[in-house]
Structure formats: structure tokens, C-alpha cells
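[1] The sequence isn't on hand, but the structure is:
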């Protein structure tokens, strides 16, 4: 690896500043796990960085600057862009870095091929409810990531909701189950509310009750067996 550039262990970096990066950053900040001024995000333009600035975070257009300033890095770019981004930052990766990919479909083996040998790499599959600290997150470790890296990441991401380590084969399954699943649940909630509205209930009340109905998943197993 390259010589250490002195990244700060107390700073968290985001390479890519889209919705999922913002959701994770906001969850960490709201939970008090990371101070906003200790978050540094990069993106090619200001279109998404303005959301990080609104949170009180630092921003830059330089991906390498993020790695030179932070030890824990979330790569939250589009999957097809990630290989070029990793090639760009690889020269400044050090033994101090913990590199976390949020990009769907990019395997650990691919990540490790594009980064220096022995780089500590993990894959994470979060979902949008991380922004309100009710996310469902799974993660898988690469060959050189140990228990300490897993524990650190899990401790941080539990601020965004439930977080579990899984075999890598389960990460892509989670993308469909909980990543895309949020949209299906929202559609179902909307359908419940619309049914009540057609029966004469005011729209605001119908939507509030439909949302509340879906807030108690611990009761769902009871509901599914109540008729047996």
C-alpha cells in the first residue's frame, strides 16, 4: 500500500453523495455517533453535496481528499462508476483505511482486485429508512477485514437501525428484500389508505392510520396465526 497519508480515525468519509450516502450520514449524525463537522463527502458537482452541507458536513470535489482525511470510507457511487473511482483512489489507500462499499451488485472479490493488496474491504446493503434510524442493514467482510472492523461498522450502523453480518451471498438477496421492499410496503400502505378514503374516511386520517398499522411488525406473526 501507499505510505500512510494520516487519515483521522475520528472522521467518516463518503465518496459519492447520493440518497443512500445522505441517509447513512444523517442516521449517524442524528444518533450522535459522528459529529457533522467530522463527515467529509465528495461528488463531482454540488447537486448532491448541498444536502451534506445542510447537515453541517464538510464537502469536496476530490475523492482522494476524502481518503487522505478519513479512515472509514463509504463508497456510495453508482455501481458502474465505482471501478473508475477505486482506480483513482487506490494510490492513497493505506493500512489505516476501512473501505465500505454500498454499491449494489459489486462483489467483494471485484473490490479487492481494484484496491491494493490487504485492503480492508466490506460490503454493506442498507435501505432508505436509515435516514430515520429504522433501517435494515446487512454487511459482509472481505478477506482482510477482521472482527474489529466488523464490530466498528456494526456499532455505527446500528445507529441507523438493525444491522447484521451475513455471508456475501445474502447481500444481494437483501437488496431485493429490504432495499426494494420499502417501495412495495409504501405501495401497500397507500392502497390501504385509498380503500379507507373510498369508504368515506378523510385522507389525512386514513394515511396516518395506515402508516401506524405498519409500525408494529412484532405483532405480524400473531396476526398471521390468529385465524387458525
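    Thanks, I have it. Values in this document were obtained by computation on a predicted structure and should not be read as measured data.
[2] contacts and neighbour counts: CA atoms only from here.
    OK.
[3] what helix or strand does the residue lying farthest from the centre of the chain sit in?
    Largest separation from the mean C-alpha position in the chain: residue 200, at 40.0 Å (Cα atoms, centre = their mean). Residue 200 is part of no helix or strand, with elements assigned from DSSP states H and E.
[4] Do you know the pLDDT at it?
    If you check residue 200, the pLDDT there is 93.
[5] go on, the one 4 residues further on?
    For residue 204, the pLDDT comes out at 93.
[6] From residue 85, how far out is it?
    Residue 204 is 45 Å from residue 85, where distance means Cα to Cα, to the nearest Å.
[7] Looking at those two, which one has more neighbours?
    Between residue 204 and residue 85, counting by other Cα atoms under 10 Å, residue 85 is the more crowded of the two (17 against 10).
[8] State the distance from the more buried one to residue 23.
    21 Å.
[9] Does residue 103 touch residue 75 like I think?
    Yes: taking Cα atoms under 8 Å as the definition, residue 103 is a contact partner of residue 75 at 7.1 Å.
[10] shared neighbours of the two, anything?
    Listed as contacting both residue 103 and residue 75 by Cα atoms under 8 Å, 6 or more residues apart in numbering are residue 82.
[11] Between those two, tell me which one has more neighbours.
    Neighbour tally, residue 103 and residue 75, criterion other Cα under 10 Å: the higher count belongs to residue 75, 25 against 21.
[12] Would you tell me what the next helix or strand after the helix or strand hosting residue 122 is?
    According to DSSP H and E, residue 122 maps onto strand 120-125. The helix or strand immediately downstream of strand 120-125 is strand 135-141, counting by DSSP H and E.
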